[in-house]
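Visitor: The following block contains a protein sequence and its predicted model.
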Amino acid sequence: MTFIYALIAVALLYSAHKATRVKGLLNAALWLAATSCLTAILMYIMGSPGIAVIELSVGAGLVTVLFVFAISIIGDEKIESKFFIPPLAALLMATIPFIILAFLWISGISPVFENTPADILANTIWEDRKVDLYLQAALIITGILGIMLLIAPSVANRFKKEREK
Amino acid sequence: MTAILIALIILFPWFGAVIIWLMKDEQEKLTHILAMSFSAFSAVLSLVLLTRIGQDQISAYSLGIGMGDLAFSADALGIILTCIANCIGCLAVVFSKDYMNGEKDLQRYYSMILLFIGAMSGLVLTSNAMLIFFFWEITALCSYQLISFYNDDPKAVRGGLKALFITQFGGIGLLLGSLLIFSQTGSLDIQHFIAAAQAGEISSAALAVAGFGLIAAAAAKSSQFPFFTWLPDAMEAPTPVSALIHAATMVNAGVYLLCRFAPAFQGVAGWNTTVLWVGIITILLSSVMAIFANDLKRVLAYSTVSQLGFLFAAIGAGSVTASQFHLLSHAIFKALLFLCAGAVIHSVGTRDMRLMGNLYKKMKPVAICFIIGACSLAGIPIFNGFWSKELILEAIHSGAPLSVYILMLFAVILTAIYSIRCVWMVFFGKEKSELHVHEPGRFMKYSLYVLAAGTVVSWLTFGGFSNAFSKSLPHHEIEAESLGKFLSTIIKDPLTYLAIFMVILGIVLWIFHKPGPSKAVLPKVLETCAVNSFGFEIINEKIIDKIQNLSEFSRELQSGILNWNIFGVLTGLVLILIVLGIGG
Amino acid sequence: MSYIIVICILGLLGIGFYCLLITRNLLKLVVALQVLVKGAMLAILFAGCLVDNMEVAQSMALTIIVADTIVAVIGLAMAIQVRQITNTSNIRSISTLRK
């Protein structure tokens, strides 16, 4: 069992690495979807199947669609300017804190992963964390505005072309 | 029922604010009428709420763990301030009908006033420490917006920013206090916190930090020593706003906060003494400044600061009733004084008292109202200021050292001097310049008459007042006292006559030296100090300079490139982790 | 088992931060943020397991998913707008703080 988990972890890290480093944005979006799928599997293993399903549908589904949509509008671009931060310094900076974190963590705590009954989760969400729900509602409205912003230029361009005809 | 009433009192003015914001520039008359009707309706609602004083808490809605409940309580402390805010707010809006006639941006003006009224009601009615902070910040925002209402005047903008910064400093104290309350009791409920503090369940160190944080918050909001410099500069606001926000309501929020939390901090060593001395120092400094100021509104601002000092001193001496009763009187007579001053300024076109004089004959009704207010301010018998000030003096005599009482008597003399000086310079004496005076408008007079009547009779409510306090505030341990008993105590007490003598002494002193206003009464050195705000203005300037330099310096760190920002974030993370690693 | 998850969390955070440190493409930025947030989400669920308070952790994870998606939407929309206005997706192009 542990072997399979290790395999998932390796695959997750590999796809995350690929998503951030691969050339071509479309590839990056696909690798990101893979990362999302693997994260969802990990979540399932950690005992939260509900969240895993949402992550799968939103993270791997919706976000990928949005990415592909955005890339189809503006296309890919190679950026030639120099790095602002020397890559070596960046690598050090991105690893040091997490190595320290790993060292701080090593104390051998190993929690038990078990499923939470769905009604307890629902109770928590609807009763104890109402503010979160309001926040989510506000965020979703923001998201709708964002999507309007996303499609606005293409619509504008189409109108422009029609007028020119 | 009470819950619905409270929700209406908070939300109705806000709804009005939104509606008025949507008005167009051409609909000036409609804007006035809408503002008046919204504020009048809220005032009526607040008066209805007065009948529902009780000690139960109304928990309307739970916001989940860590946020507390959307809880309100209908106790006397909150409801009386709600009434003051709504009724004086209504009168200020009615007054504005004439005062702001023909001004631009009326929508912004009225929206902010209505937003303020709703937020002030929420601030005093809620029993959730975090919600207090929320409403507190809304009132600060409205105050800033209204001080800087004439936003093409750099002085107004500067005054607004100054008020905002200093009250924000107080906001930090309040936030600190609220968070400590939450960390110590696991709930944001104030009653629960007070009960826990009285039972000794909270560590004394945390209680002390919370207590002094709240003093800082209250001192900044109520413009007390050492934060008193913002209120005089806030006088750039339109006068009805000064009357409403900077005399009757918002500046009382600090006093309210201390009254609300006072029972919890009785066990904290030095808490009462600090409040007392903050009050006394403020009274003395600001009274002296009021004696030397020449701007009519600034004189009133300094007198507000010093009267708020009386309220602080009363809390410090342990009498919440005295403090709240004087708060009621002060709100009424100071709003009256400010609105009269507004009428004078509106008619004369200047705020400089040296240019006024002999206005009594030209605007008799306003002058009489102003004199009533000034008499109340000075503490002349029959007017409400006299009774409540006597109550405070009595509380201080019984609850504080004798030296403090003597200082208070001295403060009474100073109050009398600046009141008579102000009245004399504006309404009597020689006419100093050819000023074109025109009659104040109808609506202005109406609000003045209502307030003047209030100044004369509001002390009659004492019986109901103290009864409501003793019934609805179980933690404060207040004894109810009937009006008759209260009057007989004051009339029989020889110290009352001492205080009246002091008032007369002040007036006589001033009249005796009249032509050179007050210069002979107090030494010249004091005048130089007072005009320069005893050096606090310079300290403010220096702090602002330092902050500005620091910002200029740290601006260099902002490259505007995201990669470097992330680099900074990670550096911070490394530092935190190193600290954690060493600490753990 | 828990070691594997901790390594995943730290790895995702490291990869995300590294990409944020060196990327100059606005769209890549959104990818990096997504990776980073997945690490954070796993960390929160893991913390929930540690203190045996899974419900709260899960509801927070839900909020994070929503917030993260909206951030992606806004980020992509911004990238598109910036591209239309400046004809490039270089993050340098939107920095006007210092010229």
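Guide: Alright, I've got the coordinates. Numbering: from 1, shown residues only, chains lettered A, B, ... in the order given.

Visitor: Run through the helices of chain A in chain order.
Guide: Counting by DSSP state H, chain A has helices at residues A:2-21, A:25-45, A:49-54, A:63-74, A:87-105, A:118-123, A:130-164.

Visitor: What is the neighbour count of B:G78?
Guide: B:G78 is flanked by 25 other residues according to other CB atoms under 10 Å in any protein chain shown. Quick note: C-beta positions are derived from backbone N, CA and C, even for glycine.

Visitor: Give me the distance between it and B:I9.
Guide: 11 Å (CB to CB, to the nearest Å).

Visitor: Let me see the domain layout of chain A.
Guide: A:1-76, A:116-165 (automatic domain parsing).

Visitor: The last one and chain C, any residue contact?
Guide: Which is domain A:116-165. Yes - counting by CB under 8 Å from any CB of the partner chain, chain C has neighbours in domain A:116-165: A:116, A:120-121, A:123-125, A:128-129, A:132, A:135-136, A:139-140, A:142-143, A:146-147, A:149-150, A:153.

Visitor: Can you lay out the helices of chain A as CSV showing distance to chain B, mean pLDDT and mean neighbour count?
Guide: Below are the helices of chain A laid out as CSV (distance: least, CB to the nearest CB, whole Å; pLDDT from 0 to 100; neighbours: other CB atoms under 10 Å in any protein chain shown):
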stretch, distance to chain B, mean pLDDT, mean neighbour count
helix A:2-21, 13, 90, 18
helix A:25-45, 18, 91, 22
helix A:49-54, 19, 89, 19
helix A:63-74, 18, 88, 18
helix A:87-105, 4, 83, 16
helix A:118-123, 11, 74, 13
helix A:130-164, 4, 77, 14
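
Visitor: how about a markdown table for these, with distance to B:G316 added?
Guide: Below are these laid out as a markdown table (distance: least, CB to CB, whole Å):
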| stretch | distance to B:G316 |
| --- | --- |
| helix A:2-21 | 62 |
| helix A:25-45 | 57 |
| helix A:49-54 | 54 |
| helix A:63-74 | 60 |
| helix A:87-105 | 48 |
| helix A:118-123 | 47 |
| helix A:130-164 | 38 |
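
Visitor: Now do the contacts for B:V456.
Guide: Shown in contact with B:V456 (CB atoms under 8 Å, 6 or more residues apart in numbering or on different chains): B:372, B:382-384.

Visitor: Most neighbours among the residues you listed, please name it.
Guide: B:F383 (26 neighbours).

Visitor: Looking at the domains of chain A, which is nearest to B:L114?
Guide: Closest approach to B:L114 among the domains of chain A (CB to CB): domain A:116-165, 24.1 Å.

Visitor: could you say which helix or strand contains the nearest residue to B:A452 once chain neighbours are set aside?
Guide: Residue nearest to B:A452 in three dimensions, not counting chain neighbours: B:C369, with 4.5 Å by CB to CB, 6 or more residues apart in numbering or on different chains. Per DSSP states H and E: B:C369 is located in helix B:364-378.

Visitor: Show me what the mean pLDDT comes to for the helix or strand that that helix is followed by.
Guide: Where DSSP H and E defines the elements, the next helix or strand beyond helix B:364-378 is helix B:384-399. What helix B:384-399 shows for mean pLDDT is 86.

Visitor: cool, and stretch B:6-24?
Guide: Taken as a whole, stretch B:6-24 has an average pLDDT of 90.

Visitor: go on, stretch B:303-320?
Guide: Averaging pLDDT along stretch B:303-320 yields 89.

Visitor: Quick check: buried residues in it?
Guide: Buried residues in stretch B:303-320, counted by 16 or more other CB atoms under 10 Å in any protein chain shown: B:303-320.

Visitor: just to revisit the earlier point, so which of the helices of chain A comes closest to B:T415?
Guide: If you check each of those against B:T415 by CB to CB, helix A:130-164 wins as the nearest, at 47.9 Å.

Visitor: which other helices and strands contact the closest one?
Guide: Applying 3 or more CB pairs under 8 Å, 6 or more residues apart in numbering or on different chains; DSSP states H and E, one finds that helix A:130-164 contacts helix A:63-74, helix C:54-86.

Visitor: Other residues contacting stretch B:415-427?
Guide: B:287, B:290-291, B:296, B:299-300, B:302-303, B:306, B:344, B:353-354, B:356-360, B:367, B:370-371, B:374-375, B:377-379, B:502-507, B:509-511, B:514, B:517-518, B:521.

Visitor: and if we set it to 6 Å?
Guide: Contacts to stretch B:415-427, defined as CB atoms under 6 Å, 6 or more residues apart in numbering or on different chains, come from residues B:290-291, B:299, B:353, B:356, B:359-360, B:367, B:371, B:374, B:377-378, B:503, B:506-507, B:510, B:517-518.

Visitor: Then stretch B:159-172?
Guide: B:137, B:140, B:143-144, B:147-148, B:217, B:220-221, B:227, B:230, B:233-234, B:236.

Visitor: The residue lying closest to B:A196 once chain neighbours are set aside and chain C, how far apart?
Guide: Once flanking residues are discounted, B:A196 sits nearest to B:T185: 5.0 Å by CB to CB, 6+ apart. Using CB to the nearest CB, to the nearest Å, B:T185 is found at 20 Å from chain C.

Visitor: List the residue ranges of the stretch 51-200 of chain B that fall below the pLDDT cut-off.
Guide: Applying pLDDT under 70 to the stretch 51-200 of chain B flags residues B:55, B:57, B:59-60, B:64-67.

Visitor: those helices in it, which residues are they?
Guide: Ranges of helices within the stretch 51-200 of chain B are B:76-99, B:106-125, B:129-147, B:154-185, B:190-198, based on DSSP state H, counting those that start in this stretch.

Visitor: Report the buried residues of the second one.
Guide: Right, helix B:106-125. Within helix B:106-125, the residues scored as buried using 16+ other CB under 10 Å are B:106-107, B:109-125.

Visitor: who's in contact with the most centrally placed residue in chain A?
Guide: Geometric centre of chain A, nearest residue: A:G59, 5.5 Å, by CA atoms, centre = their mean. By CB under 6 Å, 6+ apart, the residues touching A:G59 are A:S36.

Visitor: Please report the distance of the closest residue to B:F134 other than its chain neighbours from B:I9.
Guide: Spatial nearest neighbour of B:F134, excluding adjacent residues (CB to CB, 6+ apart): B:G122 at 7.9 Å. The spacing between B:G122 and B:I9, counted by CB to CB, is 8 Å.

Visitor: Among the contacts of stretch B:415-427, name the ones in strands.
Guide: Counting by DSSP state E, no part of the contacts of stretch B:415-427 is found in strands.

Visitor: burial count for the closest residue to A:C37 other than its chain neighbours?
Guide: Nearest non-adjacent residue to A:C37, counting by CB to CB, 6+ apart: A:A60, 5.1 Å away. Residues lying near A:A60 (other CB under 10 Å) number 19.

Visitor: can you pull the buried residues of stretch B:481-491?
Guide: B:481, B:483, B:486, B:490.

Visitor: same question, stretch B:349-364
Guide: In terms of neighbour count (16+ other CB under 10 Å), stretch B:349-364 has its buried residues at B:351, B:353, B:355-357, B:359-360, B:362-363.

Visitor: Right, I'll leave it there.
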